[in-house]
Structures are given as C-alpha cells and as structure tokens.
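Participant: Sequence first, predicted model second:
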Amino acid sequence: MPKTLDLLIGLSLVMLIVSMAVTVITQFAVNVFNSRGRNLKKGLADLLLQIDPTLPLKTSEAIVIKVLTHPLICQKGGRMGTVVHREEFTQLLLELAAGDGPQKLDDMAKDTLSGILRANGISDPGVALKNIRRVALQLEVSHPEMASNVRKNTAILQEVTSDFVAKIHSWFDQTIDRISDRFATSTRVLTFMAALFVAVVLQLDTVGLINRLSTNDQLRNSFVQQAMQIEKDSSVTNQSGGEYYRKYDRLLASGGLISMPQDGSDWKNQWRWMKLPGILLSAMLLSLGAPFWYNTLKNLLQLRSLIAGKDDDQRQTRQSSQDSAGTSAGS
C-alpha cells in the first residue's frame, strides 16, 4: 500500500508540473484568439435574430461588434469585450439606432436596427435614451445607495416599456448561460489540444512513467520528498506558470521522464511508436488541469501521512506488548 501510494504521488507530481505548461499555452491561445469575445458576439447576434428572425446574420453580427467594441465595453487595443450587462446591451442598441455615441453603424444597419425597434414598440430611440438618462439621474438623487446597474435597469423598465425590452429581459440571461457553456466546451477542447502538444513534444509516456516509478525506489522517494515540499509552499495558483515550471522541470529531466528535443532530427530519433498509447493517456490526464492535480497531490499526501501515523501507533502498540511480555517472563 505505501509503495502504491508513493507511486500515485509521483505520478501526480509529474502531471502537476507539466500541466502548468499546458495552462500557460491554453491561456495564451484563449487571449490571442479572443475566444470569450467571439463566443459573446455569436450569442448576442443569435439573441438579435431571436428578436427579429428576418434580420440578416451579417447585419446582426455588425451591430453586436459595434456594441462589443464600444469604448466602455472593449478590451485593450479595441478588441471585442468579453462582458456586457443586460442594461448596457439595451442602452447601447438604443444609442446605435439613435446615432448618439462614439460608435456608428452604416446607414443600412442603422435603418435595420431602427426598424426592429419600431416594430417592437420603440418609435424614437433618441427620446427613449434621454428619458432613461433623466430617470437614472433622478434615482441617483433620491436613492444614492442604489447600485448603478439597478438604477439603469429601473430607468429602462420605467421609461421604455416595450416588447423590445421585454424580449431582451426574457432571453438575455439564458443566452449568457449558453455562451458560457460554449466557451467552456471550446476551452476544454483547446486544453486537450495543448495537452496533446506538450505530451508529444516532451514525449511524456504515462505507462513508462508508472513503470519507472514502480521499479526505481530512489526516484520514487525523491518525488515524494519534492511533493511534500510543494505541499508546504503556497498554493500553485499564486505562482506564475513559467516560474513554477522552471523550478521543477530539472527534476523530471534529470530522472529521464521528459526529453526536450533540440531540433527536428533529435525529436525524430527519440520518437518511439510504442510510446503513443502512453502519450495519449498523458494528454488526457494533463487536460484535467493543474488545480485538479494540485488538489489530488494534497489529498494523497494527507492520506500518506494518515497511514504513516497509524503504522507508528501500531508499531508502538506491538513494542509495548512485547515489552510487557518480556517483563512478565522475567518475573
């Protein structure tokens, strides 16, 4: 049992260290491709199509892009924002239709949006905007303790009672939930691809790793000691992935568990097809993420400490029994 537990601790330590590299790659890809912003754009465009099914998809996306690149919503560099609240979305649509604000639609998209508003009970978006701002200001004076988003939401519901606002309020929250689900799914796929890339490049073979740890007592014990040191440190999430990975990758390299090829020919010489099943298994395990392996490592170390404590108690009990028996025999 202790040997099996130490083997699992060693495996968890390796997965924790390498999964930090997977996390860095995944976060980099999510930021570069602006995955959150793209998913939000698609979801809000679908919401506008729900309000008016005759709206062309291209026009719907053009309207949403203007909303998400608004100076108050967009990210650094003018990239599409990743968060927009319901009252902000409603107010910015009115602003685009009225031509009142930093973002401007082309004439065709503006006329289309204005037509949708008229068909859903808002004949003059400019007047509706003025009324919303006036009521929001009155609420700030009369109820200064009220949160800003609550004031805006109350002003919209009070001054723009229309089918358009009713549809947005009915479907916005569900749309955001589905956007979050799509983003989580796409991120899981991206994480697995990053894990597969890292496992292939480092030729991390889980099957071979388990065999090495099960037969090499010195390597297994050194990994357990390193794991105990990590558990004493602050949480992995409080350290940057690069610093953490550089701190422990030498341990894996020195043990021959990972091999970073210097060039293409070196990688080709090191590649063995028999490693493929172990590499695929490594990719699946790495895709679970660093927090999972950190918590697993903590739990295994706690279990090991508990078992060690019980063994010490049993050893002391046996020693006491033997001493008592020896005393009785001597008497």
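Facilitator: On my side now, so go ahead.
Participant: From now on I want contacts and neighbour counts done on CA atoms only, so please keep to that.
Facilitator: OK.
Participant: Return the set of buried residues in the helix or strand containing residue 128.
Facilitator: Element membership of residue 128, judged by DSSP states H and E, is helix 125-142. Of the residues in helix 125-142, 125-126, 128-129, 131-133, 135-137, 139-140 count as buried by neighbour count, 16 or more other CA atoms under 10 Å.
Participant: okay, those in JSON lines with distance to residue 151 and pLDDT next?
Facilitator: Formatted as JSON lines, these follow (distance: CA to CA, whole Å; pLDDT from 0 to 100):
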{"residue": "125", "distance to residue 151": "19", "pLDDT": "92"}
{"residue": "126", "distance to residue 151": "19", "pLDDT": "91"}
{"residue": "128", "distance to residue 151": "15", "pLDDT": "92"}
{"residue": "129", "distance to residue 151": "14", "pLDDT": "91"}
{"residue": "131", "distance to residue 151": "13", "pLDDT": "92"}
{"residue": "132", "distance to residue 151": "9", "pLDDT": "91"}
{"residue": "133", "distance to residue 151": "10", "pLDDT": "91"}
{"residue": "135", "distance to residue 151": "8", "pLDDT": "92"}
{"residue": "136", "distance to residue 151": "5", "pLDDT": "90"}
{"residue": "137", "distance to residue 151": "8", "pLDDT": "91"}
{"residue": "139", "distance to residue 151": "6", "pLDDT": "90"}
{"residue": "140", "distance to residue 151": "7", "pLDDT": "90"}
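Participant: For residue 108, state which of the residues you listed is nearest.
Facilitator: residue 125 (16.5 Å; CA to CA).
Participant: Would you map the helices across the stretch 151-300 of the chain?
Facilitator: 163-202, 206-215, 217-232, 241-254, 264-270, 276-286, 290-330 (DSSP state H, counting those that start in this stretch).
Participant: Now do residue 296 against residue 10, distance only.
Facilitator: 11 Å (CA to CA, to the nearest Å).
Participant: which one of those two has more residues nearby?
Facilitator: residue 10 (26 against 17; other CA atoms under 10 Å).
Participant: And that one, which helix or strand is it part of?
Facilitator: Going by DSSP H and E, residue 10 is part of helix 2-33.
Participant: so that helix versus helix 163-202, what angle?
Facilitator: 130 degrees (axes from the mean of the first three to the mean of the last three CA atoms, to 10 degrees).
Participant: Give the other helices and strands that helix 2-33 contacts.
Facilitator: The elements that helix 2-33 packs onto, with contact taken as 3 or more CA pairs under 8 Å, 6 or more residues apart in numbering; DSSP states H and E, are helix 163-202, helix 206-215, helix 217-232, helix 241-254, helix 276-286, helix 290-330.
Participant: Which of those sits closest to residue 85?
Facilitator: helix 163-202 (9.0 Å).
Participant: shaky segments in this protein?
Facilitator: Within the chain, the stretches with pLDDT under 70 are 1, 230-273, 309-331.
Participant: okay, now the domains of it?
Facilitator: Here the domain assignment for the chain is 2-29+188-309, 53-119+123-161, based on automatic domain parsing.
Participant: Which elements pack onto the helix holding residue 128?
Facilitator: With contacts defined as 3+ CA pairs under 8 Å, 6+ apart, helix 125-142 has these neighbours: helix 86-98, helix 148-159.
Participant: Quickly note the distance from residue 282 to residue 7.
Facilitator: 16 Å.
Participant: again, but for residue 99
Facilitator: Counting by CA to CA - residue 99 and residue 7 are separated by 66 Å.
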